[in-house]
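J.: sequence first, then the predicted structure:
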Amino acid sequence: MDYSEIIRLFLHIGIVFLAITMIICLVRAVRGPKLADRIVATNMICVKTILLIVMVAVYMGDDFLIDVALVYSLLSFLAVIVLTRFMLKVKINKERKERKENKG
């Protein structure tokens, strides 16, 4: 076994491992008891997808997939920011309703 075969073997193992952990994160995103759990699980899926794209780029030897991973990481970051802002607005509105109910 030479060096390139060992690298390919580790890439295969890593891709399978990432796919399994992405499925576990997907289950957490669907079943999460709180919205925060779902946001964290979604972020983990995005990070694992970026890693998967980079590993496929190394496996195939294509440079353009690295650019795809960079764009995907920027979109993932923006999605987490938007979801977090949504979660904060929901929480603030819920607290305001509770305050109004307690006063009146």
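T.: Done, it's in.

J.: distance from the helix or strand where I92 lies to the middle of the chain?
T.: Element membership of I92 [criterion: DSSP states H and E] is helix 64-103. Relative to the chain's own centre, helix 64-103 is displaced by 14 Å; criterion: CA atoms, centre = their mean, to the nearest Å.

J.: same question, stretch 56-64
T.: 21 Å.

J.: next: stretch 17-30.
T.: Here the centre of stretch 17-30 is set off from its chain's centre by 10 Å, with CA atoms, centre = their mean.

J.: so which bits of it are buried?
T.: Going by neighbour count (16 or more other CB atoms under 10 Å), the buried part of stretch 17-30 is 18, 22, 25, 28-29. For every residue, glycine as well, the C-beta is placed using N, CA and C.

J.: next step: the residues you listed restricted to helices.
T.: Members of those lying in helices (criterion: DSSP state H): 18, 22, 25, 28-29.

J.: which regions of the chain sit below the pLDDT cut-off?
T.: Within the chain, the ranges that satisfy pLDDT under 70 run 104.

J.: switch the cut-off to 90
T.: Residues of the chain that meet the criterion pLDDT under 90 lie in 1, 3-4, 32, 34-39, 61-63, 80, 83-84, 86-87, 90-91, 100-104.

J.: for A41, give its distance to V27.
T.: Separation of A41 from V27 (CB to CB, to the nearest Å) stands at 8 Å.
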